[in-house]
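Engineer: Sequence first, then the predicted structure:
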Amino acid sequence: GFENAYVLDCPEICTRETRHIQGEYVLNIDDVFLSREFKDTIGKGSHPIDISPIPDVLQKHPLPRRWSFNIPYRCLVPKKIDNLLLAGRCISTTHEASGCTRVTVQCMITGEAAGTAAAMCVEKNVKPRNLDTNKLRRKLAEQGVVL
């Protein structure tokens with residue numbers, strides 16, 4: 001009965017969240033909300049927490065006007081798999097923190113960091129978990145990444 005049916009408009013057909021690979025660090029809602037500092041930060045995000053239901057912490061305390069959060073490199077390094085880096089929606093986060101990291105800009109940030117780290121790993125012949133994150137951060141800063 002629907003052989004002549006077609007979709008006229010579907011502006012938001014997509015998967016908002018999929019599986020996450022557990023990394024060396026799992027970014028959580030407190031890290032995001034409190035703008036926790038990390039020695040291995042590879043970039044900042046600022047997308048609001050847009051999941052439902054709204055986490056308790058946000059119901060009690062709204063985000064400040066000029067707010068951002070830090071993404072640690074360890075969220076890009078899988079815990080049990082060598083020679084792989086994560087980027088985009090599958091980085092190591094909780095469901096709540098994923099509401100901030102899964103969007104385009106944060107995916108671009110993690111993609112640039114993963115690509116830069118991969119190139120450095122090949123150049124230095126090291127595994128991603130053994131990469132010197134201070135050197136990675138310097139390289140990312142040279143590329144214009146806000147740390």
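Structural biologist: Right, received. Where do you want to start?
Engineer: ok, and the closest non-adjacent residue to I49?
Structural biologist: Spatially, and ignoring its direct neighbours in sequence, I49 is nearest to G99 (4.8 Å; CB to CB, 6 or more residues apart in numbering). Where C-beta positions appear, they are placed from N, C-alpha and C, glycine not excepted.
Engineer: Test my guess that that neighbour contacts D50.
Structural biologist: Yes - counting by CB atoms under 8 Å, D50 is a contact partner of G99 at 5.2 Å.
Engineer: Could you check which of these two has the larger neighbour count?
Structural biologist: Remark: of G99 and D50, G99 carries more neighbours, 22 against 11, as counted by other CB atoms under 10 Å.
Engineer: can you give me the strands in this structure?
Structural biologist: With DSSP state E as the criterion, the chain has strands at 41-45, 69-72.
Engineer: Please identify the most buried of these.
Structural biologist: A comparison of those by mean neighbour count, using mean count of other CB atoms under 10 Å, puts strand 69-72 on top with a mean of 24.
Engineer: what packs against that strand?
Structural biologist: In terms of contacts (3 or more CB pairs under 8 Å, 6 or more residues apart in numbering; DSSP states H and E), strand 69-72 is packed against helix 29-33, strand 41-45, helix 104-124.
Engineer: And those: which comes nearest T93?
Structural biologist: Nearest of those to T93, taken as CB to CB: helix 29-33 at 8.5 Å.
Engineer: So what's the gap between the closest one and the chain middle?
Structural biologist: 13 Å (CA atoms, centre = their mean, to the nearest Å).
Engineer: Which secondary structure elements does that helix sit against?
Structural biologist: helix 56-60, strand 69-72, helix 95-101.
Engineer: Kindly export it (C-alpha atoms) in PDB.
Structural biologist: What follows is helix 29-33, C-alpha atoms only, in PDB (Å, rounded to 0.1, in the frame of the first residue of the first chain):
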ATOM      1  CA  ILE A  29      29.100  14.900  33.300                       C
ATOM      2  CA  ASP A  30      31.000  16.300  36.300                       C
ATOM      3  CA  ASP A  31      34.100  16.800  34.100                       C
ATOM      4  CA  VAL A  32      32.000  18.600  31.500                       C
ATOM      5  CA  PHE A  33      29.900  20.700  33.900                       C
END
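Engineer: Can you list the buried residues in that helix?
Structural biologist: 29, 31-33 (16 or more other CB atoms under 10 Å).
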